[in-house]
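>>> no sequence for this one, just the structure:
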């Protein structure tokens, strides 16, 4: 079942680092970032290795799934149901917190979904299954958002 | 508390890539893939580094937990409760979507649980705690499924 | 938007491995481990690459979020609501399981939140956004807990 694949040695290990920025438009928004990530991988000229994405914001997430309009609606519905915005969160309560954004739900969504994603680089491209897109989730927009991208390998 | 460990240099960085396949049997199924992943690590002859797993399918997940029959039942119960199959998801509605599999729940479970997993390789084996197994979750089977495995290090 | 950054080659690829230990105090407890992880990165003298954290226990998690008292309360509230401790889980039922800890909820919280975290190392430090801390979640304490830390890069 294991498909044959080369055992690579030779070229020296390298690291290529960038920070990409987005200006988001909605409080809860899903953005397809696959093309911009793949452009960084291509620019790196690293052929095989890992590409690591780290959103620098606690009220965001990065994950893989299918980029289909109806499903994106379902993702938003699901995430809103998973963490209710209107619950009596302490982070939103001036008695316990100095946070003025009232964004406890945004933090909890970011906590569950995760702010990092590591993918394989194979033959100079990000490895993605047929239906996989890289999705940045904004949970507390509109905001300026940055993702640190690091390609490492040979 | 930090246990002493060597600081490794010397041998050249290498990458070893495979794709492993499974034929799943149920719509929702959990599969222990630890042994097959460890076999890839052994075949790679890489002694220390990372092994990265990436399921190539949006309606699957890869994660760590204990492989115990009663707990596997609980995982399935929990995941079915977390995302209801019978909800009026738009992805399942011909008015909004051309998806004929009616698998919005499968996508949302895959989204929450994640399709990638990165583990340490130490002394030629996958690092796993005493009770940790590597689990592939099928959320829309039966299907043929592939996981890209990449071992990198020295 | 992509900020310019160097393309690093030159020094040899290295790996630095440690295991860090904690004695937890509560059944459900959140611990800020950012400083101890950064100390390992500094000790490694690796300037750029990845730091990979793997908790060796199925009833724990490691993730990023803001370290703020009121929000930590909300995280605990959310995680307790997400997986009810008192549900009739099979893992807790002597008829199906020999587990005496009655900790199905701990396993399921660990399963959803994940036991691994991979972060970038840039210029000798763990990359963290302004509000990001590295949080170890204990879901079945008090216990002795270990996290394997591996820094790799150049």
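Received, thanks. Only a predicted model underlies this, so the values are computations on that prediction, with no experimental measurement involved.

>>> Please tell me I have it right and residue A:34 contacts residue A:125.
No: counting by C-beta atoms under 8 Å, residue A:34 does not reach residue A:125; the two are 10.5 Å apart. In short, each C-beta sits where N, CA and C put it, glycine included.

>>> residues near the residue in chain A that chain B sits nearest to, how many?
Of all residues in chain A, the one sitting closest to chain B is residue A:129 (3.2 Å; C-beta to the nearest C-beta). Here the count is done by other C-beta atoms under 10 Å in any protein chain shown, and residue A:129 has 18 residues near it.

>>> ditto for residue A:127
22.

>>> Contacts only, for the residue nearest to it when sequence neighbours are not counted.
Of all residues not flanking residue A:127 in the chain, residue A:120 sits nearest, at 4.1 Å (C-beta to C-beta, 6 or more residues apart in numbering or on different chains). With contact taken as C-beta atoms under 8 Å, 6 or more residues apart in numbering or on different chains, residue A:120 is in contact with A:49-51, A:126-127, B:17, B:52, B:54, B:148, B:150.

>>> what about residue A:120, which SS state?
strand (DSSP: H, G, I helix; E, B strand; the rest coil).

>>> Which residue lies nearest the spatial centre of chain A?
Residue closest to the average C-alpha location in chain A (C-alpha atoms, centre = their mean): residue A:62, at 1.9 Å.

>>> follow-up on the earlier one: mind telling me what element the residue of chain A closest to chain B is part of?
Using DSSP states H and E, residue A:129 maps to neither a helix nor a strand.

>>> Check it and give its pLDDT.
Predicted confidence (pLDDT) for residue A:129: 98.

>>> Equivalent analysis for residue A:8, please.
54.

>>> Now do the strands in chain A.
For chain A, the strands defined by DSSP state E cover A:7-8, A:14-23, A:29-32, A:49-55, A:60-65, A:116-122, A:125-126, A:133-138, A:144-153.

>>> Give me the longest helix you can find in chain A.
helix A:69-82 (DSSP state H).

>>> Can you name the residues in contact with it?
Outside helix A:69-82, the residues that touch it by C-beta under 8 Å, 6+ apart are A:28, A:30, A:65, A:109, A:112-113, A:137, A:139, B:82-83, B:89-91, B:93, B:96-97, B:99, B:104, B:107-108, B:111-112, C:82.

>>> List only those of the residues you listed flagged as buried.
Buried members of the contacts of helix A:69-82, scored by 16 or more other C-beta atoms under 10 Å in any protein chain shown, are A:28, A:30, A:65, A:109, A:112-113, A:137, A:139, B:82-83, B:89-91, B:96-97, B:99, B:104, B:107-108, B:111-112, C:82.

>>> Out of those, list just those in helices.
Per DSSP H, helices hold the following members of the buried ones among the contacts of helix A:69-82: A:109, A:112-113, B:82, B:104, B:107-108, B:111-112, C:82.

>>> if I look at residue A:87, how far off is residue A:108?
9 Å (C-beta to C-beta, to the nearest Å).

>>> Return the residue of chain A that is most distant from the centre.
What lies farthest from the middle of chain A is residue A:95; by C-alpha atoms, centre = their mean that is 33.1 Å.

>>> Please read off the pLDDT at that residue from the model.
What the model reports for residue A:95 is a pLDDT of 96.

>>> could you list every residue that touches it?
By C-beta under 8 Å, 6+ apart, the contact set of residue A:95 is empty.

>>> Report the closest residue of chain A relative to chain C.
residue A:56 (3.2 Å).

>>> Quick check: chain neighbours aside, which residue is closest to that residue?
residue C:129 (3.2 Å).

>>> Same check on residue A:53?
Nearest one to residue A:53, counting by C-beta to C-beta, 6+ apart, is residue A:117 at 4.6 Å.

>>> can you check residue A:148 too?
Nearest to residue A:148 is residue A:54, by C-beta to C-beta, 6+ apart, at 4.7 Å.

>>> That neighbour pairs with what?
residue A:116, residue A:148 (DSSP bridges).

>>> Now for chain A, the helix or strand with the poorest mean pLDDT.
Here the helix or strand of chain A ranked lowest by mean pLDDT, DSSP states H and E is strand A:7-8, holding a mean of 56.

>>> and stretch A:85-94, how far apart are its ends?
16 Å (C-alpha to C-alpha, to the nearest Å).

>>> chain center to that stretch: distance?
Computed by C-alpha atoms, centre = their mean, to the nearest Å, the chain-centroid distance of stretch A:85-94 equals 26 Å.

>>> what's the answer for stretch A:135-144, then?
Centre to centre, stretch against its chain (C-alpha atoms, centre = their mean), the figure for stretch A:135-144 is 10 Å.

>>> what comes into contact with it?
By C-beta under 8 Å, 6+ apart, the residues outside stretch A:135-144 that reach it are A:21-33, A:55, A:57, A:59-65, A:67, A:79, A:101, A:103, A:105-107, A:109-110, A:113, A:145, A:147.

>>> Check which residues of that stretch are buried.
Neighbour counts over stretch A:135-144 (16+ other C-beta under 10 Å) mark A:135-141, A:143 as buried.

>>> ok, those residues vs residue B:43, which is closest?
residue A:135 (33.2 Å; C-beta to C-beta).

>>> Residue A:49 and residue A:152 touch, don't they?
Yes: when contacts are counted by C-beta under 8 Å, residue A:49 is listed as touching residue A:152 (5.1 Å).

>>> Just the residues contacting stretch A:34-43, thanks.
By C-beta under 8 Å, 6+ apart, the residues outside stretch A:34-43 that reach it are A:16, A:18, A:20, A:51, A:53, A:67, A:121, A:124-126, A:128, A:133-134, A:149, A:151, C:2.

>>> any idea how far the residue nearest to residue A:122 when sequence neighbours are not counted lies from residue B:123?
With sequence-adjacent residues excluded and distances taken as C-beta to C-beta, 6+ apart, residue A:122 is closest to residue A:48, at 6.0 Å. According to C-beta to C-beta, residue A:48 stands 24 Å off from residue B:123.

>>> Cheers, nothing more for now.
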